[in-house]
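> show me the folded form of this:
(2 chains)
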Amino acid sequence: MSDLAERFIAFPDALSAGPMFAIGLTLSAFFAGNWLFARMGKPLWMPPVLLSAVMLAAVIALLSVNYVNYQQGAVWITVLLGPATVALGIPLYQQIHHIRALWVPIVVTLPIAATLAAVYAVLIAWGLGATPEVLASLAPKSVTAPIAIGIAEQLGGSVPLLMGGLLITGVVATLFVDLLAKWLPISDERILGFALGLNGHAIGTARAFEISHTAGGFASLGMGLTGVFTALILPLVFRL
Amino acid sequence: MSMLRGFLILVLFYLLGEAVRLIFLVPVSGGVLGMILMTFTLMLRGEISDALASASQALISVLVLLIMPGVVGVFFMASRFSGQWLAVAVALLVGTFLSVLTTLLLMKGVLHLSERRRIRE
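Here you go, the predicted structure:
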């Protein structure tokens, strides 16, 4: 009987030696997070990815699965981020007609705003004594996750810290756009959508699609262009 | 089958991007280079094949799943960045507020100027 108990205690580690355990765990948390998100009435401040991640972390900690083992197995999932990033080129192409219609405001605003989105955060963190690793993790905070992960890796940042930063940035950017739209006041859906995508990546874009299809289109464009621009510029700036 | 064919196209563009990165030592990830190559290719061709559309749609719809293993890491690295959390929090909150404000004002100003010029012409 004690043999059985021993095997029972050891089973999470034995199972998690192969990748299928990490895949099953991640998929379960993904569906559970989406289900809970729908049950909570789709709150803006609590994106499904955060719900899923909290549940996943809790299960990993409760089963005392070795986190390194989990990450090794989860490579089977994260490796798909490469082709998924390439896939973002398709919606970017579909939104590119907005550039033709409004190319002056977009071409002027995008480089300045996308650069400042990174510069503000890096300067503030640097002033408060953050290490270079933290600065490199914060710099791509307004970029959509698959592209941002590539940037952080190139700069020598920490991917987990970046992911935390991305989540917070996406949520507060959405709240700030809503707030400032009332204060300033701005009601042009093209401006609001562009600001949501540029600053709040996928979370902001999801909000923009709730405003209107036009806002969503401009958000997709802002998100895509910010991703490309930041990915090209940041590594060059960080080398200096 | 059709979706797999689209997936193959995405994988090939990714590998092409990686090849460009490794050969020309570009400090940009292979995925982003592949995405840029994909966008330009589509602009030249002017259409998206069904296979490519379905494969990209499938991947984009599960992006959250793909980034989850990275997000989970946040909960297992608290000690590594101890003493820097205030800097991180202030940078994210104040930095994002400033960048949202900048974007809105800049876009509003430039849009206003360019539309006024169009009316005058």
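
> at the geometric centre of the chain, which residue sits there?
I went with chain A, as the question did not name one. A:A145 (3.6 Å; CA atoms, centre = their mean).

> not what I meant, chain B
B:V32 (7.4 Å).

> quick check: closest non-adjacent residue to that residue.
Leaving aside its chain neighbours, B:V32 sits nearest to A:A231 (4.3 Å; criterion: CB to CB, 6 or more residues apart in numbering or on different chains). (Each C-beta comes from the backbone N, C-alpha and C, glycine too.)

> burial check on the one you found, number of neighbours?
A:A231: 26 surrounding residues under other CB atoms under 10 Å in any protein chain shown.

> all helices of chain B, in order?
With DSSP state H, the ranges of helices along chain B come out as B:2-24, B:30-45, B:50-61, B:63-72, B:85-120.

> check those for me and report the most buried one.
helix B:63-72 (a mean of 24; mean count of other CB atoms under 10 Å in any protein chain shown).

> so that one versus helix B:50-61, what angle?
40 degrees (axes from the mean of the first three to the mean of the last three CA atoms, to 10 degrees).

> contacting residues around helix B:63-72?
A:22, A:26-27, A:29-30, A:33, A:48-50, A:52-53, A:56-57, A:60, A:70-71, A:74, A:77-78, A:80-81, A:84, A:145-146, A:149, A:159-160, A:162-164, A:167, A:202, B:59 (CB atoms under 8 Å, 6 or more residues apart in numbering or on different chains).

> try it again with 6 Å
A:26, A:30, A:49, A:52-53, A:56-57, A:74, A:77-78, A:80-81, A:84, A:145, A:159, A:163 (CB atoms under 6 Å, 6 or more residues apart in numbering or on different chains).

> farthest pair in those?
A:A57 and A:A84 (22.5 Å; CB to CB).

> return the alpha-carbon coordinates of stretch B:104-115 using PDB.
Provided in PDB are the C-alpha atoms of stretch B:104-115 (Å, rounded to 0.1, in the frame of the first residue of the first chain):
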ATOM      1  CA  LEU B 104      -3.800  60.800 -29.300                       C
ATOM      2  CA  LEU B 105      -2.600  64.500 -29.400                       C
ATOM      3  CA  LEU B 106      -0.200  63.800 -32.300                       C
ATOM      4  CA  MET B 107      -2.700  61.900 -34.400                       C
ATOM      5  CA  LYS B 108      -5.400  64.500 -33.800                       C
ATOM      6  CA  GLY B 109      -3.100  67.400 -34.600                       C
ATOM      7  CA  VAL B 110      -1.700  65.900 -37.800                       C
ATOM      8  CA  LEU B 111      -5.000  64.600 -39.000                       C
ATOM      9  CA  HIS B 112      -6.500  68.000 -38.400                       C
ATOM     10  CA  LEU B 113      -3.700  69.800 -40.300                       C
ATOM     11  CA  SER B 114      -3.800  67.400 -43.300                       C
ATOM     12  CA  GLU B 115      -7.600  67.600 -43.600                       C
END
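
> quick one: mean pLDDT over it.
Average pLDDT, stretch B:104-115: 86.

> same thing with stretch B:72-92?
On average, stretch B:72-92 scores 82.

> residue contacts, the residue nearest to B:V32?
A:147, A:151, B:28, B:32.

> try 7 Å
A:147, A:150-151, B:28-29, B:32 (CB atoms under 7 Å, 6 or more residues apart in numbering or on different chains).

> pull the most distant pair out of those.
Maximum distance among the contacts of A:A231 (CB to CB): 9.4 Å, for A:I147 and B:V28.
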